[in-house]
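Chemist: give me the fold of what follows.
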Amino acid sequence: MADLEWITEDMEAYRERFELMTERIRRIPSDRSVPEIYRDYFLRAVPFLLKTEEIFRRKQDGTLNDRSLAECQADQQELYRHILPENYDTSYANPAYAAAALGREAGQMLTLLCSELEGCIAWAFRGRIRELTLLFELFVQVYNCLEDDDLKEARETVYWYFHDYSEIFMENQIHDMICPDDNFFVDIIMNADLSDPAYLYRYGLPVGRNELETAEFLNRMPDSEIQAMADTWTEGYRIGFEVTGKDLSRKRVAEIHYPIGFERVMRVAVRNLNAMGLRVTASREPVSSFQNKGSSKRAVFSASVNRQYDFDHREDKAFYFDKAFVERRLEVMRTVFEQHSVQAAGYAGPAVVEVFGETTFSPEIKEEALRYDEKQQQLNVYNASESTQITYHYIHGEERSFTIIAYPVPEIGERFREIFAETVAINTLDYKKYQVMQQSLIDVLDQAETVHIAGKNGNRTDLTVAVRRLDDPETQTAFENCVADVNIPVGEVFTSPVLKGTSGVLHVSEVYLNGLRYENLELTFKDGMVESYTCTNFQSEQENRRYVRDHVLMHHDTLPMGEFAIGTNTAAYVMGRKYQIADKLPILIAEKTGPHFAVGDTCYSYEEDIITRNPDGKQIVARENEISALRKEDPSKAYFNCHTDITIPYEELGAVTVIRKDGSSVDIIRDGLYQVKGAEDLNLPLLKEF
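Modeler: Presented below is the predicted three-dimensional model:
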């Protein structure tokens, strides 16, 4: 059944419009009215659209889920053929090819349209006639404009599509997050026959080796192991409320994010969450530039068909992103949240499963791709800040929590099963033992006026971090003792640095952040703010700086150091070295494998004034910095809505040294090994490795 029950509009009108558009699309191949330069583009698009129409009709008549595995795979091949790597060089989804074939102006518009039309797949599989009709209409309207060779009118048609239908896009986004009734994705989790791999194709997401082999692997696991995996995740979620003093009983809805293939674990997890009094929501990874499609993997997701395609379209919003659009979007967001204020108040937060192990990716920069200009980058920062404030007005940050965990996928290599088992072991390490060892580190770190970090073996890090001084060391601490609740696996102590006095160079020879590779990433800080930055990925220094600015600084001119931490999970570090997968570990695990530094907001953004204590009862007082303190005057100046962790590996770490106010010093780490009494066992995995 299509998840249409919550839509109150007259669906009959959409059915009539859908039939009209479908008939018009069918006639396009026999038309000769569009200029020859555009004809091939539309001829290639028609079979794709008609295939989504076929999928939609099968969803409507109830036969879509009856497809055999072979039928599912054939349908998928047809739907995604145009963005497969082997076809991408001559696809209109490729901005470079589109610009070469159609001219730069038309090429940018039509490659954007090509990417947006991919949303037809998602809506067809969900049986959502409204959204499918709007996309069909957009396609036909652009075709009609180009019949008259009116490129200006075609551009305006695309522009106004995003403006005019903001209500629908935002309604979908917020509804899927906070309203659990008739959830399409939860229905698959709870009711599909998980023994038949064809169920994976019900999502309308691409299914590949990772999804098929993961589902097969998990299906062979004993029930007890599946239960333990689900329990680790959902208990972390529950404990996250408990340790921060938040009342979970006041909440009604938990949102889950997961990769398809994990349904057997998710089924148990949903039952666990239900037992806590929480109904469950889930939504699909973004299908439109409106939702920042291509920027990251979140919600219900699968492996990318083509990561270069995702990268090429990550800033498609630049085509229509202006002040009028942003204000319209924010207005609609307020309205939709107000309409769903009761459900929003009951939203407990997300529970997230990430995956790692995909082949590393270094993108090709295409100057033909749509990209934000300077004005749009500033507007994007404003939009993110205002959106967060609206969200937190209805979903109070001080009342919600989250949890996040990660597992490998088969693409990681032949030793997938070993790596999976070791990841499970790392995710379930004895947090009580780590809590004691980490407290030993904190007892020394709390003596610091500054901490000095130095690299070795070619690492050029030479950085001094200023630490919040304690008014009452008997009752206060500057560092959080982070074990394994919301942030799994166990293993870090962290603080919000004082910006003034935090200066120097942070350098890492190789690091992967948000799926992108950086060579010789280097950031220079002055009084806690990024002063300069570069990498060596590209021959052009301009491209290197832009790459860092776009994907580390997230389009900001500068960012503060929002976090200084020491990741203590040396077992995870050794796992990365043992299996040669350090470059594939997600930041969730990578940040636990050594000292790391986050640029952007602090770990306490929007929750600075909540009293939080470590297990020893001491109050964590380093919850803000000089920038986040501006929230009391103007929240738009206090937050950047990004937080990117950069970890120095132990083999590149010369020393982490506490400098006391009297000038004396003591090493926390020296030559990659811990020096603090009570934390000696952290060295055991490292000594075996080295």
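Chemist: make it CA atoms for all contacts and neighbour counts henceforth
Modeler: Will do.
Chemist: mind checking the SS state of residue 359?
Modeler: coil (DSSP: H, G, I helix; E, B strand; the rest coil).
Chemist: ok, it - contacts?
Modeler: 411-412, 584 (CA atoms under 8 Å, 6 or more residues apart in numbering).
Chemist: report pLDDT for it.
Modeler: pLDDT for residue 359: 86.
Chemist: next, residue 459: secondary structure please.
Modeler: coil.
Chemist: okay, now it: neighbour count?
Modeler: Around residue 459 there are 20 other residues, counting by other CA atoms under 10 Å.
Chemist: over to the one 4 residues further on?
Modeler: Residue 463 has 20 neighbours, counted by other CA under 10 Å.
Chemist: give me the nearest residue to it, chain neighbours excluded.
Modeler: Among residues not flanking residue 463 along the chain, residue 504 sits closest, at 4.3 Å (CA to CA, 6 or more residues apart in numbering).
Chemist: is it true that the one you found lies in a helix?
Modeler: No - judged by three-state DSSP, residue 504 forms no part of a helix; its state is strand.
Chemist: ok, it - contacts?
Modeler: Counting by CA under 8 Å, 6+ apart, residue 504 touches 461-464, 524-526.
Chemist: save the contacts of residue 359 as JSON lines, and put in neighbour count, secondary structure and pLDDT too.
Modeler: Below are those laid out as JSON lines (neighbours: other CA atoms under 10 Å; DSSP: H, G, I helix; E, B strand; the rest coil; pLDDT from 0 to 100):
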{"residue": "411", "neighbour count": "18", "secondary structure": "helix", "pLDDT": "95"}
{"residue": "412", "neighbour count": "21", "secondary structure": "helix", "pLDDT": "95"}
{"residue": "584", "neighbour count": "22", "secondary structure": "helix", "pLDDT": "88"}
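Chemist: just send the residues you listed back as a markdown table, with distance to residue 321 too.
Modeler: As requested, these are arranged in a markdown table below (distance: CA to CA, whole Å):
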| residue | distance to residue 321 |
| --- | --- |
| 411 | 36 |
| 412 | 38 |
| 584 | 33 |
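Chemist: just give me the closest of those residues to residue 42.
Modeler: Nearest to residue 42 out of these is residue 411 (CA to CA; 35.5 Å).
Chemist: that closest one and residue 357 touch, don't they?
Modeler: Yes - counting by CA atoms under 8 Å, residue 357 is a contact partner of residue 411 at 5.9 Å.
Chemist: which parts of the stretch 1-150 of the chain are strands?
Modeler: Using DSSP state E, counting those that start in this stretch, the stretch 1-150 of the chain contains no strands.
Chemist: any stretches of it with poor pLDDT?
Modeler: Across the stretch 1-150 of the chain, residues meeting the criterion (pLDDT under 70) sit at 1-9.
Chemist: for the stretch 351-500 of the chain, same thing?
Modeler: Along the stretch 351-500 of the chain, the model assigns pLDDT under 70 to residues 484.
Chemist: need the strands for it, in chain order.
Modeler: Counting by DSSP E, counting those that start in this stretch, the stretch 351-500 of the chain has these strands, from start to end: 403-408, 450-455, 462-466, 476-477, 480-482, 492-495, 498-513.
Chemist: distance to residue 19 for those - can I get that in CSV?
Modeler: Supplementary listing: the strands of the stretch 351-500 of the chain in CSV, determined by distance: least, CA to CA, whole Å:
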stretch, distance to residue 19
strand 403-408, 44
strand 450-455, 65
strand 462-466, 64
strand 476-477, 66
strand 480-482, 56
strand 492-495, 57
strand 498-513, 45
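Chemist: relative to residue 641, which of these is closest?
Modeler: Closest to residue 641 of the strands of the stretch 351-500 of the chain, according to CA to CA: strand 498-513, at 16.3 Å.
Chemist: what lines up beside that closest one in the sheet?
Modeler: As defined by DSSP bridges, the strand partners of strand 498-513 come to strand 462-466 (antiparallel), strand 516-526 (antiparallel).
Chemist: redo these as TSV? Include distance to residue 672.
Modeler: Shown next, in TSV, are these (distance: least, CA to CA, whole Å):
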stretch	distance to residue 672
strand 462-466	15
strand 516-526	20
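Chemist: highest mean neighbour count out of those strands?
Modeler: When you average the neighbours per residue for each of these (mean count of other CA atoms under 10 Å), strand 462-466 leads with a mean of 23.
Chemist: mind checking how far that one is from the chain centre?
Modeler: Relative to its chain's centre, strand 462-466 lies at 29 Å (CA atoms, centre = their mean, to the nearest Å).
Chemist: contacts for that strand, please.
Modeler: Residues from elsewhere that reach strand 462-466, judged by CA under 8 Å, 6+ apart: 449-455, 497-506, 564.
Chemist: 10 Å instead, please
Modeler: By CA atoms under 10 Å, 6 or more residues apart in numbering, the residues outside strand 462-466 that reach it are 448-456, 496-507, 524-528, 561, 563-564, 597, 654-659.
Chemist: do you have the helices of the stretch 301-450 of the chain handy? List them.
Modeler: In the stretch 301-450 of the chain, the helices defined using DSSP state H, counting those that start in this stretch lie at 307-312, 323-339, 341-345, 374-394, 416-427, 431-445.
Chemist: now mean neighbour count and distance to residue 59 too, for these, in JSON lines please.
Modeler: Output for the helices of the stretch 301-450 of the chain, formatted as JSON lines (neighbours: other CA atoms under 10 Å; distance: least, CA to CA, whole Å):
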{"stretch": "helix 307-312", "mean neighbour count": "20", "distance to residue 59": "27"}
{"stretch": "helix 323-339", "mean neighbour count": "17", "distance to residue 59": "28"}
{"stretch": "helix 341-345", "mean neighbour count": "19", "distance to residue 59": "29"}
{"stretch": "helix 374-394", "mean neighbour count": "17", "distance to residue 59": "34"}
{"stretch": "helix 416-427", "mean neighbour count": "17", "distance to residue 59": "36"}
{"stretch": "helix 431-445", "mean neighbour count": "19", "distance to residue 59": "47"}
